[in-house]
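[1] Provided below are the primary sequence and the corresponding predicted coordinates.
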Amino acid sequence: MTVCRDCCCGSIGKHPSVDHDAQLTALRATLEPDHRVRTSLCLDVCDQSNVVVVQPAPAARRDGARPVWFGLVLDDAVLGDLTAWVHAGGPGVAPVPPILELSVISPPAS
């Protein structure tokens, strides 16, 4: 899982009611060590901050699964749904739950 933490994502100025550090801590506590949680610089979809990208497991990637991008990840309920989906297998293994479909965004154009 890649969590954007740059100009807009993780910004107290843009999202003052979100505890961004607590989000990252919760993701790591829930997913690691079985799943890696890393941060990145700007993922270039600032209008959808906070952005999280869930990578498929290597076997699922070999079978054609691709990363799934989520935007507006601003509350604990979405984080909980994301971590449950990752534990269920994530991209290429488990379907995106309908509630998470509301947060799926397109990656930036290359």
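    Structure's in. What do you need?
[2] ok, what's across the strand from the spatially most central residue of the chain?
    With distances taken as CA atoms, centre = their mean, Val52 lies nearest the centre of the chain, 2.4 Å away. Under DSSP bridges, the beta-bridge partners of Val52 are Val3, Phe70.
[3] And it, how far from Ile99?
    As judged by CB to CB, to the nearest Å, Val52 and Ile99 stand 15 Å apart. C-beta: built from backbone N, CA, C; applies to glycine.
[4] now swap in Thr39 and tell me
    25 Å.
[5] do the same with Leu74
    The value you get for Leu74 to Ile99, if CB to CB is used, is 14 Å.
[6] between the two, which one's more packed in?
    Neighbours around Leu74 and Ile99, counted as other CB atoms under 10 Å, are more numerous at Leu74. The numbers are 16 against 11.
[7] Does the more buried one belong to a helix, a strand or coil?
    coil (DSSP: H, G, I helix; E, B strand; the rest coil).
[8] That one and Asp34: what is the separation?
    Taking CB to CB as the measure, Leu74 falls 25 Å from Asp34.
[9] Check Asp63 too.
    Asp63 is 20 Å from Asp34, where distance means CB to CB.
[10] Met1 now?
    11 Å.
[11] who has more neighbours, Asp63 and Asp34?
    Asp63 (11 against 8).
[12] Return, as residue ranges, the portions of the chain with sub-threshold pLDDT.
    110 (pLDDT under 70).
[13] Now do the strands in it.
    2-4, 38-40, 52-54, 68-70, 104-105 (DSSP state E).
[14] Any chance you could list what contacts the first one?
    Same thing as strand 2-4. 9-10, 23-24, 27, 37-43, 49-53, 55 (CB atoms under 8 Å, 6 or more residues apart in numbering).
[15] I only care about these that end up buried; give me the ChimeraX line for that.
    Under the burial definition 16 or more other CB atoms under 10 Å, those of the contacts of strand 2-4 that qualify are selected in ChimeraX by:
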select :9,10,23,24,27,37,43,49,50,51,52,53,55
